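A.B. asks: With the sequence up front, the predicted model follows.
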Amino acid sequence: MTPNRGAFTKDELKTKRVGVLYGGLSSEREVSLRTGAAVAGALRSLGYDVVEVDVGKDLPARLVAEKVDVAWLAVHGRYGEDGCLQGLLESMFIPYSGSGVLASALGMDKVYAKQVFVAHGIPTPAYRAFKDAESALAAADSLPFPFPVVVKPSREGSSVGVHICKQRADYEAAVKDAAKYAGTLLVEQFVKGREVQGGVLDDEALGVIEVRAAREFYDYDAKYKAGSGTQYLFPAPLPPEQYARVNEVSLAAHKALGCSGGSRSDVIITEGGDVFLLEINTLPGMTATSLLPKIAAGRGIDFPALCERLLLGASLKA
């Protein structure tokens, strides 16, 4: 049998069973549940036959039992955003939204993603990677850049386990906490500046939003907790050349990893106007406070239309 690789027309998709895959097994499960609920509601409002599938170890059997023809991926973090889920769907010949196996795996691992960015000439802060907490602590006094530094687990999203160490004394606790999570440890040069996000949809730069967090940085609470005080400004009030540069860098990162559908890049602009890519999210949040939907809305694409655009891109990519 020749698998249907997608992509589909709207009329074809209206005849199919769309599985919104959400929840999952990672530390970002709560965000994934919100994303999935929002997406499922939006697609139903447009007349699609939708079933929500909470992703667990029984996923293959659930997909068969629910007769899912096409999958809309709303699973953030490990086993959902890192290529594992995409590989399963490729093996089951179920077309899915978003990026494929390789792009998802690269995007989820901050160290490998940085290596790709550097190879493509995309500016990103200097960094060092360590296999474990012990080696990161041993290198504390020989890092090739001064404090402050940023300590991150390489394979977590939503700022889980991320710490800004303003001074040497903060480093040990940050490393030990980040080491609780998956992947290697990334210690990155801290770049002070304005925090903005660039959105890309179907290989087009959508625009740039500025986040003004009431907290020290745009961490998990600033992203997802009601009443966090975070302000969102779209379009970001930047000089035209800086706005264009963020769009350029975000699109370059999307293409360098081979992403499909939507992506969101986190970018810092220094006081001198230099632009640095921090990381890319190949499966951006789609909650009420998420940034890609805010950017799309600013471009006249409302939330249901954005969900539909991503569904229309569902395909097999391997």
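C.D. replies: Yep, that arrived. All values derive from a computational prediction rather than experimental measurement. Numbers count the residues shown, from 1 in each chain.

A.B. asks: can you give me the helices in the stretch 1-150 of the chain?
C.D. replies: Along the stretch 1-150 of the chain, counting by DSSP state H, counting those that start in this stretch, helices occupy 10-13, 29-45, 59-65, 84-91, 101-108, 110-119, 133-138.

A.B. asks: Ok, the stretch 151-300 of the chain next?
C.D. replies: Going by DSSP H, counting those that start in this stretch, the stretch 151-300 of the chain shows helices at 171-178, 220-224, 240-257, 291-298.

A.B. asks: Ranking those by mean neighbour count, which comes first?
C.D. replies: Counting by mean count of other CB atoms under 10 Å, helix 291-298 has the highest mean neighbour count of the helices of the stretch 151-300 of the chain, with a mean of 22. Bear in mind the C-beta positions are built from the backbone N, C-alpha and C, glycine included.

A.B. asks: Going toward the C-terminus from it, what's the next helix or strand?
C.D. replies: On the C-terminal side of helix 291-298, the closest following helix or strand by DSSP states H and E is helix 303-312.

A.B. asks: Only the buried residues of that next one, if you could.
C.D. replies: Within helix 303-312, the residues scored as buried using 16 or more other CB atoms under 10 Å are Phe303, Pro304, Leu306, Cys307, Glu308, Arg309, Leu310, Leu311, Leu312.

A.B. asks: Tabulate those (a markdown table), appending distance to Ile280 and pLDDT.
C.D. replies: Output for those, formatted as a markdown table (distance: CB to CB, whole Å; pLDDT from 0 to 100):
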| residue | distance to Ile280 | pLDDT |
| --- | --- | --- |
| Phe303 | 22 | 95 |
| Pro304 | 25 | 96 |
| Leu306 | 18 | 96 |
| Cys307 | 20 | 97 |
| Glu308 | 23 | 97 |
| Arg309 | 19 | 96 |
| Leu310 | 16 | 97 |
| Leu311 | 21 | 97 |
| Leu312 | 22 | 96 |
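
A.B. asks: hmm, back to that, out of the helices of the stretch 151-300 of the chain, point me to the one whose mean pLDDT is lowest.
C.D. replies: Comparing mean pLDDT over the helices of the stretch 151-300 of the chain, the weakest stretch is helix 220-224, at a mean of 62.

A.B. asks: re earlier: closest to Val267 out of the helices of the stretch 1-150 of the chain?
C.D. replies: Proximity to Val267 (CB to CB) singles out helix 110-119 among the helices of the stretch 1-150 of the chain, at 11.7 Å.

A.B. asks: Of the helices of the stretch 1-150 of the chain, which stretch is the most buried?
C.D. replies: Ranked by average neighbour count under the criterion mean count of other CB under 10 Å, the helices of the stretch 1-150 of the chain are headed by helix 101-108 at a mean of 24.

A.B. asks: on that earlier part again, for Arg194, find the nearest of the helices of the stretch 1-150 of the chain.
C.D. replies: The closest of the helices of the stretch 1-150 of the chain to Arg194 is helix 110-119. By CB to CB, the value is 19.7 Å.

A.B. asks: Summarise which helices and strands that closest one is packed against.
C.D. replies: Judged by 3 or more CB pairs under 8 Å, 6 or more residues apart in numbering; DSSP states H and E, the packing partners of helix 110-119 are helix 101-108, strand 127-130, strand 185-189, helix 240-257, strand 275-281.

A.B. asks: Can you say which of those is nearest to Leu63?
C.D. replies: helix 101-108 (17.0 Å).

A.B. asks: quick one: the closest one to strand 275-281, angle?
C.D. replies: 120 degrees (axes from the mean of the first three to the mean of the last three CA atoms, to 10 degrees).

A.B. asks: ok, and what's touching helix 101-108?
C.D. replies: Helix 101-108 is contacted from outside by 78, 81-83, 86-87, 90, 98-99, 112-113, 116, 155, 157, 257-260, 263, 280-283, 317-318, using CB atoms under 8 Å, 6 or more residues apart in numbering.

A.B. asks: rerun that using 6 Å as the cut-off
C.D. replies: Contacts to helix 101-108, defined as CB atoms under 6 Å, 6 or more residues apart in numbering, come from residues 81-83, 86-87, 112-113, 155, 257-259, 280, 282.

A.B. asks: and if you look at stretch 117-126?
C.D. replies: Contact partners of stretch 117-126, identified using CB under 6 Å, 6+ apart, comprise Lys114, Phe145, Glu188, Gln189, Val191, Ala252, Ala253, Ala256, Phe276, Leu277.
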